[in-house]
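K.L.:
Have a look at this prediction, sequence included:
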Amino acid sequence: MKGIRGISQLSERFYAAARSGQSLVQPMAVHKLSTRAAHSYQDVHVTRLPSGLVIASLENYSPASKIGVFVKAGCRYETPDNQGVTHLLRLASSLTTKGASAFKICRGIEAVGGSLSVTSTRENMIYSVDCLRDDIDTVMEFLINVTTAPEFRPWEVSDLTARVKMDKAQAAQSAQTDVVEGLHAAAYKNALCNSLYCPDHMVGNIQSDHLHQFVQNNFTSARMALVGLGVDHTVLKQVGEQFLNIRSGAGATGAKAQYRGGEIRLPTTSSLVHSVVVTEAAPADTLAFSVLQHLLGGGPYVKRGSNTSSKLFQGASKATADPFDVSAFNVGYSDSGLFGFYTISQAAVAGDVIRAALAEVKAVANGEVTAADLTRAKAQLQSQVLMSQETSEGMLEAIGTQALAEGSYHTTEEISKNIDNVSLTDVANAAKKFVSGKKTMASSGNLIKTPFVDEI
Amino acid sequence: MMSLASRSGVFSPYLQATAFAVAGPLKPLVPGVVVKGEKILLDPKKQFLSRESLNGQSPKTGPAVTVSINGCAGVRFAHTDVRIPDFSDYRRQDVQDPSKSSQDSSESRRTFSYLVTGATTVVGVYAAKTVVTQFVSSMSASADVLALSKIEIKLGDIPEGKNMTFKWRGKPLFVRHRTEKEIEAEHAVNIAELRDPQHDKDRVVNPKWVIVLGVCTHLGCVPIANAGDFGGYYCPCHGSHYDASGRIRKGPAPLNLEVPYYEFPDDDTVVVG
């Protein structure tokens, strides 16, 4: 029997070599998909279970699989009495759980050559494991243990205090982290003002109970998504139904972020001034703001290039000859967003650089943008979106955040079409909103020549 | 919402602050920290400032922080925080001073150590020998058996010409008070005619008393006293005739009756065994 089947496969192979004009990503015409199979093989499959858990998977035929549990448990959901709990939660991902001790988790994952990591943003917490295809069961067990059955033993949690301090020291090494965290603290009254790192007054004061309570309130099925790359959808669905339906209910709803628009200045002895000026960006305008970001200058595209396509860069280079860097800053959350520009400059010319950057944005608001610029910006945005999905981490994150926020997945074709539909007026309006909106500013460095937010 | 689909992802290459538990081979290193006691010193290396080195340093979106098993670890630049415990409770007085040479006390330390080791070895060997011999000798005959090994007989109770039988070591013991006639008759026997030649003098200590085991040397029956053709014993099983000295004279038995060890502590008692 095997030999006969083999022979028939042989003829198919020769047929495949001889066929022309047929896309190699679609199954051959000889094999007809059953009518019930609405999707083809490489589509992203998304299912929403009755409990609210969203399951998404993509079969990418890769030898390595990636599985992520996305939870709406970012630091915006911290309450004033447990600020910093997400930092501890992030570090507590490798602690003892009900099904496996800390040693077993570490050893088990290393034994199969996988890795377990936790990434937290302001909105989401992402637990992801990657491993070879055959070892999915092993690492899945650990992932489920970590997300659904942590024990947070008090002595293990108190051992994390040293790591919290180390984390904060490492974060403080880069001024960008300080400035961006300060920006959020200054821009919002609640929710989004919480920092990704534990505040100083709470270091050592977060106990095991805080962690348990946070997990109880936020790790519910309705706020979770289970995403897999290189995993079978039915397998993932089974796992989701069996193990991730532990806590039903919507959990504690986060407060709506309230923008207040403030200023924060962090003086240091550094000769470089980091400064960011932003305004609130409504989620409905995100596409326009993203195109605007690339129009103005979204970072270097060519190594050792001269940033000729970046309007901000060209404007600031007229203001100073010293080394500097400027880029448009754009971050979006589910109910709010921030758009502006970020500058790094020498202390003496900080004000000039900031004002030059602002002038560039005003120019765009007045409509001084050519169609070529717009096309370029749209192309850059599209390529950024597509290139971010080139890596498995980027793909997982793209599928996961969409599954978690909306319960569905938009293909890159849809996204590209929407980007194309952004017009010049949309972009100009977005720039106008920035120019006229209430601004927030955060600066760090030697601030003698740095203007205040009402002076720029 | 389209909005979420188009923003740049958190895994995009910039602004990922990472803290890792276990070092992995493939991921790039984060700038390290030096941990000195309780304080954490930051990496003092400053990048050379130029337009190129600043290029791309501005963040374009909000940060995401990652913690991972099997990521890369913070590099340790110094190991001054590693604390070796204080073992001075267990160390010799002579060598606790780090500025004094240890050669001065080396001989005395060596002598002490070797003496103690040698003495312990000797004591240990003796102890081992004692233990082993105790275990091995426990396999030899027990006290009740040894107690049964000797028998003391009062000879005054045995009249002349009479043979008395005692149980000794599980076997019958014949004690015969011989008459003068029997003694002379036994002395006169020609040894060359005997199947198992033995003179009577060699079989008795005191000729008046012959003490033999009452076990026929043929197949082990108990001979009858004062029976048989030779005035001694007769074994009824197969017809072995023994004389008054216990020597085999006629019949199938090959050897004379066995003579045990005995001694006369005084004239009236004999201790056999």
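P.N.:
Nice, thanks for sending it over. Note that the structure is a prediction, hence the values are computed from the model and not measured. Numbers count the residues shown, from 1 in each chain, chains lettered A, B, ... in the order given.
K.L.:
what does whatever helix or strand residue A:286 lives in rub up against?
P.N.:
Secondary-structure element containing residue A:286, defined by DSSP states H and E: helix A:286-296. Here helix A:286-296 makes contact (Cβ atoms under 8 Å, 6 or more residues apart in numbering or on different chains) with A:281, A:310-312, A:328-330, A:332, A:337, A:339, A:341, A:360-361, A:364, A:369, A:373-374, A:376-378, A:380-381, A:384, A:418-419, A:422, A:426-427, A:429-431, B:1-4, B:6-8, B:60. Glycine gets a C-beta too; all of them are placed from N, C-alpha and C.
K.L.:
what's the neighbour count on residue A:111?
P.N.:
The burial count assigned to residue A:111 is 11, neighbours taken as other Cβ atoms under 10 Å in any protein chain shown.
K.L.:
For it, which non-adjacent residue is closest in space?
P.N.:
Spatial nearest neighbour of residue A:111, excluding adjacent residues (Cβ to Cβ, 6 or more residues apart in numbering or on different chains): residue A:138 at 8.0 Å.
K.L.:
Let's verify the one you found: helix, strand, or coil?
P.N.:
helix (DSSP: H, G, I helix; E, B strand; the rest coil).
K.L.:
my guess is it meets residue A:107, correct?
P.N.:
No: here residue A:138 does not reach residue A:107: they are 11.1 Å apart, not a contact under Cβ atoms under 8 Å.
K.L.:
Comparing these two, which residue is more hemmed in?
P.N.:
Between residue A:138 and residue A:107, counting by other Cβ under 10 Å, residue A:138 is the more crowded of the two (16 against 12).
K.L.:
List the residues that contact that one.
P.N.:
A:108, A:109, A:111, A:112, A:114, A:131.
K.L.:
tell me the contacts of residue A:314?
P.N.:
A:307, A:308, A:360.
K.L.:
Low-confidence stretches in the stretch 351-456 of chain A?
P.N.:
Scanning the stretch 351-456 of chain A for pLDDT under 70 picks out nothing.
K.L.:
Quick check: the residue of the stretch 151-273 of chain B nearest chain A.
P.N.:
residue B:170 (69.1 Å; Cβ to the nearest Cβ).
K.L.:
just the stretch 51-200 of chain B next, same as before
P.N.:
Nearest residue of the stretch 51-200 of chain B to chain A: residue B:68, at 3.3 Å (Cβ to the nearest Cβ).
K.L.:
Look up how far residue A:67 lies from residue A:45.
P.N.:
14 Å (Cβ to Cβ, to the nearest Å).
K.L.:
Repeat that for residue A:262.
P.N.:
40 Å.
K.L.:
And the two? Which one has more around it.
P.N.:
The neighbour count for residue A:262 versus residue A:67, taken as other Cβ under 10 Å, is higher for residue A:67 (25 against 19).
K.L.:
How about the secondary structure of that one?
P.N.:
strand.
K.L.:
contacting residues around the residue nearest to residue A:318 when sequence neighbours are not counted?
P.N.:
Nearest non-adjacent residue to residue A:318, counting by Cβ to Cβ, 6+ apart: residue A:356, 6.5 Å away. Neighbour list for residue A:356: A:315, A:316, A:318, A:319 [criterion: Cβ under 8 Å, 6+ apart].
K.L.:
Surely residue A:356 is in a helix?
P.N.:
Yes: according to three-state DSSP, residue A:356 belongs to a helix.
K.L.:
my read: residue A:309 touches residue A:379, true?
P.N.:
No: if you go by Cβ under 8 Å, residue A:309 and residue A:379 don't touch, sitting 10.5 Å apart.
K.L.:
quick one: low-confidence ranges for the chain?
P.N.:
Unless you meant another one, I'm taking chain A. In chain A, residues with pLDDT under 70: A:1-41, A:249-251.
K.L.:
wrong chain, I was asking about chain B
P.N.:
Those would be B:1-48, B:70-81, if you go by pLDDT under 70 across chain B.
K.L.:
at 50 instead, please
P.N.:
In the predicted model, chain B carries pLDDT under 50 at residues B:1-32, B:73-74.
K.L.:
now the helices for chain B?
P.N.:
B:2-6, B:51-54, B:106-137, B:143-147, B:180-187, B:200-203 (DSSP state H).
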